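Novice: Got a predicted structure here, sequence first:
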Amino acid sequence: MASLPLNADSTFDDGQIQDAAHNAPAYADLSARETEQALFTPEFLSVDVGHVVDELNQKGYFAFPSALSPEAIETIERDATETKHKLNVNKVSGVFSERQYYLTNLLAISRTFYEFSTSPFVFGVCEGYLGDQFRLKALRYYETYGGHHMQWHTDNKTDREFAHIPGIIFIFYVSDVEDGEFQYVEGSHLWSGEKAYSDYTDEFIADNFSSSVKSFKMPRGSLVIYNTYGIHRARPVADKNFVRKSVFFQVDSEINKSEPIIVNTEFISRLDDRISTFLGFGRPSNYEVFPNTSLNSLPLDGTMMSVMGKYMLYRMARTAFASIPQALKPTLRKMIGR
Ligand SMILES: O=C(O)CCC(=O)C(=O)O
Ligand SMILES: [Fe+2]
């Protein structure tokens, strides 16, 4: 089975995928195997972890179309968006950062995402690529809307600066991605570390590396894994109505630094050393959560105007009701059916 660098006109060879090497990760127990059968498509279940690691070493990325099952993607999307437009609800919710929506605490609300991120497949790839010790650094469900511009960059940095920390990132698509797709400069993980910065201009990439840029237009459920040293971006889309939904998580070999990881303890049915290190139990988690938002980064679009409008009407009606003489309230309540 090959990792598929998907340029605009690439087509998938199903036969190639079916012929995948049968070297799936070793399962600690049957339930882990059953969990993976629910998480992944049959084609993806036969992916060879050693092959993924080879691809990460050689090209800097591994990609597989439709890796997560439709049911797993549907559940994660539902978990991640339930509170999207609810303000002041006492539940885990996300933030808007201008032309993006982020829900960082996905491990607090999505058992399916917990199972994926701690699956034998994910741990097998992390161990094969990073060695014995690796830690989850950051994670997010995010939606990107048209008009957002992400410049070419690498992700081998701390929350503030460039750093030499080996790491990999998993991204899977929660919507079909025909535009605004992930792009990666093949092989750039081999030389970007020589430079002490992590951002690159569009001109630099266009002038020097246009033939090495791989574009990953793939359907919902597709997975990309990449070396954080590689130069990449999400291709910008101008159309304001465009939406791309994805999940991202970063794992690296520095186990004493991370964003704070908030997990629902209900999901942790087994707590061995590897899971404990991966989730950062008892370890410093001092990175600032990305992105940094405030009420001012919440766009006042049609949906938010409607949410705010209903809220204002409700509060004004309550205030008006409170000022009515007590004796009239029962009659009024009857009239409005409350
Ligand atoms: O969403 C993408 O395609 C890329 C995301 C990315 O590079 C990042 O969040 O650092
Ligand atoms: Fe990135």
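Specialist: Yep, that arrived. Ligands and ions are numbered 1, 2, ... in the order given.

Novice: Check which element follows the lowest-mean-pLDDT helix or strand in the chain along the chain.
Specialist: Counting by mean pLDDT, DSSP states H and E, the weakest-scoring helix or strand in the chain turns out to be helix 14-18, with a mean of 38. For helix 14-18, the following helix or strand on the C-terminal side (DSSP states H and E) is helix 30-39.

Novice: Mind giving me the packing neighbours of the very next helix or strand once past that next one?
Specialist: Remark: after helix 30-39, the chain's next helix or strand is helix 42-45, criterion DSSP H and E. Packed against helix 42-45 by the contact rule (3 or more CB pairs under 8 Å, 6 or more residues apart in numbering; DSSP states H and E) you find helix 14-18. From N, CA and C alone the C-beta is placed, and that goes for glycine too.

Novice: Now with 10 Å, please.
Specialist: Other elements packing on helix 42-45 under the criterion 3 or more CB pairs under 10 Å, 6 or more residues apart in numbering; DSSP states H and E are helix 14-18, helix 30-39.

Novice: Buried residues, that helix. List them.
Specialist: Neighbour counts over helix 42-45 (16 or more other CB atoms under 10 Å) mark Glu43, Phe44, Leu45 as buried.

Novice: Check the spacing between Gly147 and Gly180 real quick.
Specialist: Distance from Gly147 to Gly180, counting by CB to CB, to the nearest Å: 11 Å.

Novice: So which residues make contact with the lengthiest helix in the chain?
Specialist: Longest helix in the chain, counting residues (DSSP state H): helix 302-322. For helix 302-322, the external contacting residues (CB atoms under 10 Å, 6 or more residues apart in numbering) are 84-88, 96, 298, 300, 328-329, 332-333, 336, 338.

Novice: hmm, which two among the residues you listed are most spread apart?
Specialist: Phe96 and Leu328 (41.9 Å; CB to CB).

Novice: which one of these two has more residues nearby?
Specialist: Counted by other CB atoms under 10 Å, Phe96 and Leu328 do not tie: Phe96 has more neighbours, with 20 against 10.

Novice: Run through the bridge partners of the more buried one.
Specialist: Beta-bridge partners of Phe96, counted by DSSP bridges, are Tyr101.

Novice: coming back round to it: relative to the whole chain's centre, how far out is the longest helix of the chain?
Specialist: Its chain's C-alpha centre and that of helix 302-322 lie 34 Å apart, by CA atoms, centre = their mean, to the nearest Å.

Novice: Distance to ligand 1 and pLDDT added to the buried residues of helix 42-45, as CSV?
Specialist: Shown next, in CSV, are those (distance: CB to the nearest ligand atom, whole Å; pLDDT from 0 to 100):
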residue, distance to ligand 1, pLDDT
Glu43, 23, 97
Phe44, 20, 98
Leu45, 25, 97
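
Novice: between these, which is closest to Tyr129?
Specialist: Using CB to CB, the buried residues of helix 42-45 come closest to Tyr129 at Phe44, 18.0 Å.

Novice: about what we covered before: just the buried ones among the contacts of helix 302-322, please.
Specialist: Neighbour-count burial within these applies to Phe96, Leu298; the criterion is 16+ other CB under 10 Å.

Novice: What count of nearby residues applies to Glu127?
Specialist: Glu127 has 16 neighbours, counted by other CB under 10 Å.

Novice: Is it in contact with Val52, as I believe?
Specialist: No: using CB atoms under 10 Å, Glu127 is not in contact with Val52, being 11.4 Å away.

Novice: Just give the nearest non-adjacent residue to Val289, would you?
Specialist: The spatially closest residue to Val289, leaving aside those adjacent along the chain, is Glu259, at 5.2 Å (CB to CB, 6 or more residues apart in numbering).

Novice: Pretty sure Phe170 sits against Tyr129.
Specialist: No: counting by CB under 10 Å, Phe170 sits too far from Tyr129 to count as a contact (11.4 Å).

Novice: Mind listing the shared neighbours of those two?
Specialist: Any residue near both Phe170 and Tyr129 by CB under 10 Å, 6+ apart counts here, and that gives Phe62, Ile225, Val251.

Novice: just the residues you listed now: which is nearest ligand 1?
Specialist: Using CB to the nearest ligand atom, Ile225 is the member of these that sits closest to ligand 1, with 12.4 Å.
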